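K.L.:
just a sequence and a predicted model for now, questions to come.
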Amino acid sequence: MTSELRSTAEGRTMVLTISNPEHRNALGPEMYAAGVEALSVAESNADVRSVIIVGEGNTFSAGGNLQRLQANRQQPPEYQARSIEGLHTWIEAIRAFPKPVIAAVEGPAAGAGFSLALACDMIVAANNAVFVMAYSNIALSPDGGASWSLSAALPRQLVTELLMCGERIDAQRLHALGVVNRLSDAGEALSTALALAEKLNVRAPNALASAKELVNDAPGHTLPEHLAQERDHFVKNLHHANAGIGIAAFLAKQKPKYE
């Protein structure tokens, strides 16, 4: 069976499905490249307002393919480095993508699969979803930005526990910790994510892009630097056509239809 990242349209949402059922939706270089390409296409298509990443069936992603990793041990180190750089290019593309990206997680999200979910702007997880930083279980260290994303979201002691112990953490606990945005019944993560995406799709794309950029940049800014960036975004968005539409609709007690 082939490994692929399928792209389908659900209204104004692009759904990217990780499909590698033989290896529990394990990730690989072809998917990384396809993910970057799909986001490039979505960015230039004004009809696409959001993106959802989901795994085929009842597994989000088992992370790296261990058979491939074992084989890569026989290759020069640069070979694996190029593969990880492909994953990291996709992670960076998700972060830089100016539209919302939602992970819809059913079942396990392990290793790089967990990293991929963390790179998204929001996570919807089924009640049966489990997340595990599995790297230390096979004497490896994190990739895909996992240590960065977790360190930004959780206390240091919990992050070191997740990374060092390699134990599962369930969707309910991550929801309580603020990492998971929405919980759903098993089998309903995608439909719940689509409902969330539709709430975002009716909002002004320029305002959402500004919010994402501001959140991305905040950790590297001093307060004065960030206040200046907020000012610039606010002024730019006030003079965008969508602000006129939104303010007029609010005053008229109507629903806005943004460009």
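P.N.:
Received the coordinates, thanks.
K.L.:
when you work out contacts or count neighbours from here on, use the C-alpha atoms and nothing else.
P.N.:
OK.
K.L.:
quick one: end-to-end length of stretch 243-259, please.
P.N.:
Distance across stretch 243-259, first residue to last, is 10 Å (C-alpha to C-alpha, to the nearest Å).
K.L.:
what does stretch 151-161 give?
P.N.:
12 Å.
K.L.:
now it: how far from the chain's centre is it?
P.N.:
Offset of stretch 151-161 from its chain centre (C-alpha atoms, centre = their mean, to the nearest Å): 19 Å.
K.L.:
could you do stretch 167-185 as well?
P.N.:
On C-alpha atoms, centre = their mean, the centre of stretch 167-185 falls 15 Å from that of its chain.
K.L.:
send me it as CSV with only the CA atoms.
P.N.:
Presented in CSV, the C-alpha positions along stretch 167-185 are these (Å, rounded to 0.1, in the frame of the first residue of the first chain):
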residue,chain,number,x,y,z
GLU,A,167,4.6,8.0,28.5
ARG,A,168,1.2,8.5,27.0
ILE,A,169,-0.9,11.6,27.9
ASP,A,170,-4.5,11.5,27.1
ALA,A,171,-6.6,14.1,25.3
GLN,A,172,-8.6,15.0,28.4
ARG,A,173,-5.5,16.0,30.3
LEU,A,174,-4.1,18.0,27.4
HIS,A,175,-7.4,19.7,27.1
ALA,A,176,-7.3,20.6,30.8
LEU,A,177,-3.8,21.9,30.2
GLY,A,178,-4.9,24.1,27.3
VAL,A,179,-3.0,22.2,24.6
VAL,A,180,-6.1,20.6,23.0
ASN,A,181,-8.9,23.1,22.0
ARG,A,182,-11.9,20.8,21.6
LEU,A,183,-12.8,17.3,22.6
SER,A,184,-15.1,15.0,20.6
ASP,A,185,-16.5,11.6,20.7
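K.L.:
show me what it is in contact with.
P.N.:
122-134, 153-154, 162, 189, 192 (C-alpha atoms under 8 Å, 6 or more residues apart in numbering).
K.L.:
one more pass at 10 Å, please.
P.N.:
102-110, 117-118, 121-134, 136-137, 149-150, 153-155, 161-162, 189-193, 196 (C-alpha atoms under 10 Å, 6 or more residues apart in numbering).
K.L.:
derive a PyMOL selection command for the buried subset of these.
P.N.:
Of the contacts of stretch 167-185, the buried ones can be selected in PyMOL as follows, counting by 16 or more other C-alpha atoms under 10 Å:
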select buried, resi 102+103+104+105+106+107+108+109+110+117+118+121+122+123+124+125+126+127+128+129+130+131+132+133+134+136+149+150+162+189+190+192+193+196
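K.L.:
next one: phi and psi at Val105?
P.N.:
In terms of degrees, to the nearest 10, the main-chain angles of Val105 are phi -110, psi 120.
K.L.:
which parts of the protein belong to which domain?
P.N.:
Domain assignment for the chain by automatic domain parsing gives 4-201, 205-251.
K.L.:
fine by me, thanks again.
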